[in-house]
Every structure is written in structure tokens, then in C-alpha cells.
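Asker: Got a predicted model here, sequence first, then my questions.
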Amino acid sequence: MNAPTPTGTPSEATEATEAAGGCPVRHGSTLTRLYGPQASEDPHGIYERLRHQHGPVAPVLLEGDVPAWLVLGYRENRRVLENPRQFTRDSRIWRDWKEGRVEDSSPLMQMVGWRPDCVSQEGEPHRRLRGAVTDNLQAVAGRGIRRHVTRFANKQIDAFAAEGSADLVGQYAEYLPMLVLTRLFGLAEGEGRRLAHSCAQVIKGGEEAVAHNDLIMKILAELAERKRAEPGSDFTTGLLHHQAGLDDGEILSHLRLVLIAAHTTTSNLLARVLQSVLTHPSHMAGLVSGQLNISAVVEEVMWNTPPLAVCPGRFATADLELGGQQVKAGDLLVLGLAAGNLDPEIRPDTTTTLHGNKAHLAFSGGSHECPGQGVGQAIIETAVDVLLHRLHALRLATAPDELTSTASTWESRLDRLPVEFTPQVV
């Protein structure tokens, strides 16, 4: 099909689908882009326009003008997540890649391309690899993770405590999870900031994503080699010696997977939880008095601003109908976790309190549900607790509506969280 080069902006919706089957036009002129300057400013506005125009499943363009289906409905997201026979994580059936329309060098491949890890597998291969990851995450979580968080949180706070002001994104949430992960992985603490930056660039996409991914893999390959010679009580050593017998490629792929996923989602979620605490006086008062548990605030944030707004990569295994759209075998689907959580079919009133309701999509679902929830929860709860106990008279240093965010295809991150507090002598 010869169609014009895409010229649409995120505010334009597509009315065009392939006459033969309904999958997104390969080079349609008005398909909505989920990337670019406008997409970075108002992703929720894009989701709502797409929902209004197309219903719970909408055709979109990803980076490089690659066509995909964006799943917006809560029930439709659940169907995709919980039916791996219809919607697989194995991208080797992705038609656009198989037919050469997506190059292996595309930044998009860093998020949806096949790797020898549990995310790319189904069935028994998935169970074998995920078992190794889960076992070792549980092991490191039980080895004083809160102690490590407390140490690094205090170290971060010491750097700005005497100033009486700080940016809790750039000076706290952005790097704290990675500092903890360096300890859990057996990495040198000095690698933390470089790895945090590279992980963020991989998620962000763009021309630099491939180079940053290569840097991450180089550091992790050196780590694995070192841990073969000098084993320790860390996540890396646990993977190397797990009874599942992971080969070298599987070891490196899982180190990469856990490092990127754990850091980027936890740092984003920590920033959003702190934002919620500082912009809702009742939250701050409840936490300080002990009448509110931080887990309740985390749940609320998981519903309203999940750390991963769009989850990459399911592929239809056969022609089927989803949300009124005709999806073809080999089509790429991306899961709108943020949009699904706000689906008016299940949340007609988004102001309703959701304490105790853990049915959100923030951890995805099904057999590929996030295995590191306990580690992330421990980091966030401890980080918030340490901050509130260390900084007296902590308050937001700007109006709540002046806080801004920047989105990529996959996430929306808080830009800054300026605060003031009583200066301390460290």
C-alpha cells in the first residue's frame, strides 16, 4: 500500500486503517504519535482524545513512525495481560520487524526487541528464567534492604540538609534507587549516577538510547566476570549460581532487565509519592502523626500516575477482535496502564478514595507481572520515612500547579520537586 509519509501531530487522530484487515496503516498521514514534543507535554490529553475517537483500543505511531495498537481500556488491558496464548511477549513474530520495516538498530528495539530473558519468553522457558529472577530478588530483599536504603537516603540528605532547600527529584529520588541497586547487584557505588543516567536514556528513547544500552551492558558484563571470580551475597552471584543454569546471555539480559526496570520505575514512583505527600496536607499530617501508612499513598499514586504509563510489547498470535478493532497476527500492542487505570468504565469518579484497592495496572499483570514489587515498596517506604524524619518543617517551595512533567512514550516523569525546610548542621 503506497501511502504518504506521516505528518500528523499528537492532536490529530487517524481515521485510516488498512482496508484489508484493520491494523494500523504502515505509513498513514494522520496517525497519532506517542512521541515527540507535543506528546511529551500532555500524554493524558492524547489518551482521552484517542479513547473518544476510537474506543478502548486505538491505532498509534511509536518512535520511528512504527505502527501499533494502544490499549486504553482497563478490561482490554486485563485481557491482553492475562492471555499469553493470544498476546505473546515474544517479539520474533512481530510482522513489521520480520518484514524489515523496523531495523535492529531502532531505539524502539531497546524496549520491545527479543532478548534471552524472561520478559521475552512464554511457557516453560519463561517459568525457568523468571524463577531465577524471583528467587534472587527475594533473597536480596531479605538481606537488610531497608538498612541499605536508610544509609543511602541519609547520605543523599546530608548533601543538602544545611541548605534549607532542595529539589527532591534531582537530589533525592532520581538517584537513590540506583544507589541501593548498586549495593544489591555487587556494583561499585561510584557506578550509580552513570547507570541511572543511562537507564533513563534507554527508557526515553531517541538517538542516544542504543549507545547508553551498550554502556549498561559493558558495565554488567564486567560485573558478571568479576563475580565469577569473587562471588558474594548479591543478586549477580545468585543468578550465576542458580539451579536454573542460566547461560552468559541470559545472565546479562536479566541483570539489564532488573537494573533498568527497577531503577526507572522506582525513582519515578518515589518522586510521585513525594509529590503527593507535599501537595496534600492531609497526607503529610497523617504520615507524621502515624495515622496514615505510606503504603496507602503509594497505592493512590499507582492508580493515578503509575511509574510506567505505557507497557511495551505484546504481539497478537492470530487475527482477533479487541475493543472493537480488528487486530492482525503479528501486530504490536502497547498497554496503556495509566489510561486503563483512569478508564471511566471502571472509575467514573477519579476522586474516589482507593485505599486498600490493589486492582490497578501499575505492575502490569498475568504471568509477566512485575516480580520486584517488594524491593520497590521497601525502597519507597524507607526513603519517604527517612526524609520526613530528617527534614523538619518540610514544605513545597512552589505552587502545586506549577509542578511540571515530561513524558516519553513509556513514562511521564516529574521535572522538579522544589522544597524548603529547616536547615540542619550536618
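Answerer: On my side now, so go ahead. These numbers come from a predicted model, not from an experiment. Residues are numbered from 1 along each chain as shown.
Asker: contacting residues around stretch 294-302?
Answerer: Around stretch 294-302, the neighbours that count as contacts under Cβ atoms under 8 Å, 6 or more residues apart in numbering are 269, 272-273, 276-277, 283, 287, 341, 353-358, 360, 362-363, 377, 380-381, 384-385. In short, each C-beta sits where N, CA and C put it, glycine included.
Asker: Buried residues in it, which are they?
Answerer: Across stretch 294-302, burial judged by 16 or more other Cβ atoms under 10 Å covers 294, 296, 297, 298, 299, 300, 301, 302.
Asker: related to what we said a few turns ago, quick check: ChimeraX command selecting the buried ones in the contacts of stretch 294-302.
Answerer: Applying 16+ other Cβ under 10 Å to those, the buried members can be selected in ChimeraX as follows:
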select :269,272,273,276,277,283,287,341,354,360,362,363,377,380,381,384,385
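Asker: So which elements touch whichever helix or strand residue 52 is part of?
Answerer: Assigned by DSSP states H and E, residue 52 belongs to helix 43-54. The contact analysis (3 or more Cβ pairs under 8 Å, 6 or more residues apart in numbering; DSSP states H and E) places helix 43-54 against strand 32-33, strand 57-62, helix 337-341.
Asker: how about JSON lines for these, with distance to residue 394 and mean pLDDT added?
Answerer: Output for those, formatted as JSON lines (distance: least, Cβ to Cβ, whole Å; pLDDT from 0 to 100):
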{"stretch": "strand 32-33", "distance to residue 394": "39", "mean pLDDT": "94"}
{"stretch": "strand 57-62", "distance to residue 394": "39", "mean pLDDT": "98"}
{"stretch": "helix 337-341", "distance to residue 394": "28", "mean pLDDT": "97"}
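Asker: Ok, which of those comes nearest residue 310?
Answerer: Nearest to residue 310, of all these, is helix 337-341, at 6.7 Å by Cβ to Cβ.
Asker: State the next helix or strand along the chain beyond that closest one.
Answerer: In the C-terminal direction, the helix or strand that comes right after helix 337-341 (DSSP H and E) is helix 373-390.
Asker: packing partners for the helix or strand following that following helix?
Answerer: Taking DSSP H and E as the definition, the helix or strand that follows helix 373-390 towards the C-terminus is strand 395-396. Other elements packing on strand 395-396 under the criterion 3+ Cβ pairs under 8 Å, 6+ apart are helix 248-279, strand 418-420.
Asker: Quick check: phi and psi on the nearest residue to residue 382 once chain neighbours are set aside?
Answerer: Nearest-residue entry for residue 382: residue 149, 4.0 Å, with adjacent residues in sequence omitted and distances by Cβ to Cβ, 6 or more residues apart in numbering. Torsion angles at residue 149 (phi, psi; degrees, to the nearest 10) stand at phi -60, psi -40.
Asker: pretty sure residue 292 contacts residue 286?
Answerer: Yes - if you go by Cβ atoms under 8 Å, residue 292 and residue 286 touch, sitting 2.8 Å apart.
Asker: Look up how far residue 403 lies from the residue nearest the centre of the chain.
Answerer: Most central in the chain under Cα atoms, centre = their mean is residue 308, positioned 3.3 Å from the mean C-alpha point. Remark: distance between residue 308 and residue 403 (Cβ to Cβ, to the nearest Å) = 20 Å.
Asker: helices or strands up against the helix or strand of the chain with the lowest mean pLDDT?
Answerer: Each helix and strand of the chain was given a mean pLDDT (mean pLDDT, DSSP states H and E); the minimum falls on helix 37-41 at a mean of 87. With contacts defined as 3+ Cβ pairs under 8 Å, 6+ apart, the packing partners of helix 37-41 are strand 405-407.
Asker: Let me know the next secondary structure element after the strand it packs on.
Answerer: Stepping forward along the backbone from strand 405-407, the first helix or strand reached (DSSP H and E) is strand 412-414.
Asker: That next one: partners in the sheet, and parallel or antiparallel?
Answerer: Applying DSSP bridges, strand 412-414 is found paired with strand 405-407 (antiparallel).
Asker: residues contacting the residue lying closest to residue 175 once chain neighbours are set aside?
Answerer: Once flanking residues are discounted, residue 175 sits nearest to residue 196: 5.2 Å by Cβ to Cβ, 6+ apart. Contacts for residue 196 (Cβ under 8 Å, 6+ apart) come out as 174, 175, 177, 178, 263, 267.
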